[in-house]
Each structure stands twice: as structure tokens, then as C-alpha cells.
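Colleague: one predicted model, sequence on top.
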Amino acid sequence: MDKIIKLPHIAKLVEKDNERAEGGSLPITKVINKFIYHNLICIGDSVSQVNPIVGEGYKFIFESAIMAVNALEKAIQNNDRNYLNEYEENWNKRFLDNYKFAKYGQQKIIRYSKSDFLIDMGVLFLKTKSNDSVLKVIAGEYTRKGIVDKLD
């Protein structure tokens with residue numbers, strides 16, 4: 001970081017004010033799976049629809065929005081807001097397990113990231129995995145049965 005800050009075009013924009021290393025990850029809340037309140041439908045970052053490991057949100061939010069629109073359309077056609085619950089049901093089927101696993105992974109990464117050795121071992125471990133498996137993790141599309149069940 002110090003080398004980057006000393007680059008002339010960066011130095012004009014950034015002034016380092018301390019030596020603390022800080023970072024963040026999303027979401028900071030527990031995994032949420034309730035998005036309907038009466039006739040209110042919640043979608044997006046405000047209800048933590050962001051994968052906790054990769055910080056990816058758009059892909060998941062777009063899919064969630066389609067699910068919400070389908071449920072909303074049925075509710076309007078049938079004049080029955082109970083159809084809105086289909087959004088939650090479909091979201092939970094599609095995303096809940098991988099969000100729980102990602103939250104579990106996020107907690108491990110936060111703990112292990114305090115050790116360079118453990119991070120190096122994690123990178124070596126990833127090198128033993130197939131490209132498809134690594135791609136699923138990066139895309140936030142990876143779940144692990146058994147681990148997610150322990151999180152309930």
C-alpha cells in the first residue's frame with residue numbers, strides 16, 4: 001500500500017493518515033430470509049441480498065427482482081397479497097443455502113485473514129480444486145450441505 005500511495009498520480013489524491021489496516025465485507029448482518037411485510041416487498045442491499053464472501057450483489061438482486069415481480073403480478077391478478085409469499089419461498093429455495101454457507105465462509109476468512117500463513121495455505125488449497133469449483137466460489141454459487149445445516 002505504501003508503494004501505491006507514493007505513486008505520483010496517487011499521491012496527489014491520497015494522504016495516508018494512519019498505519020491501521022482496515023477493510024470490510026458484506027453483509028454485516030446475519031443472513032436474512034424474510035422480505036415481505038404486509039404489502040411491502042424488499043429487494044437488494046438493504047436486506048443483505050449480497051453474497052457475504054464475494055460481495056456480489058447485482059446478479060442475485062436481479063434474480064430476486066424477477067422472483068418478486070412474478071409474485072407481485074400474481075398478487076395483483078388475484079387481488080390477494082398472500083401470493084407475495086411466493087417471492088420469499090422461491091428466494092429461500094434458490095439462495096438461502098448458499099448465503100448461509102457464504103456467511104460461514106466469511107466468518108472463517110475474517111478469522112484466518114489475521115495470519116499470513118493461514119491465507120497462504122488457503123490459496124494453496126484453492127489450487128488443488130478444479131477451475132469449476134473455484135469459479136463457483138467466486139461467483140457465490142457454492143453451497144455445502146452439512147455445514148449450512150449447522151448454522152440454523
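Modeller: Received, thanks.
Colleague: may I see the buried residues of stretch 107-122?
Modeller: The neighbour-count check on stretch 107-122 (16 or more other C-beta atoms under 10 Å) flags residue 109 as buried. Quick note: C-beta positions are derived from backbone N, CA and C, even for glycine.
Colleague: now do it, average pLDDT.
Modeller: In this model, stretch 107-122 has a mean pLDDT of 84.
Colleague: now the strands for the chain?
Modeller: 36-37, 40-41 (DSSP state E).
Colleague: can you tell which of these is closest to residue 104?
Modeller: strand 36-37 (25.5 Å; C-beta to C-beta).
Colleague: show me what that closest one is packed against.
Modeller: Here strand 36-37 touches helix 85-91, going by 3 or more C-beta pairs under 8 Å, 6 or more residues apart in numbering; DSSP states H and E.
Colleague: for the helix it packs on, name the packing helices and strands.
Modeller: Helices and strands touching helix 85-91, by 3+ C-beta pairs under 8 Å, 6+ apart, are strand 36-37, helix 58-78.
Colleague: now with 6 Å, please.
Modeller: For helix 85-91, the packing partners by 3 or more C-beta pairs under 6 Å, 6 or more residues apart in numbering; DSSP states H and E come out as helix 58-78.
Colleague: much appreciated, bye for now.
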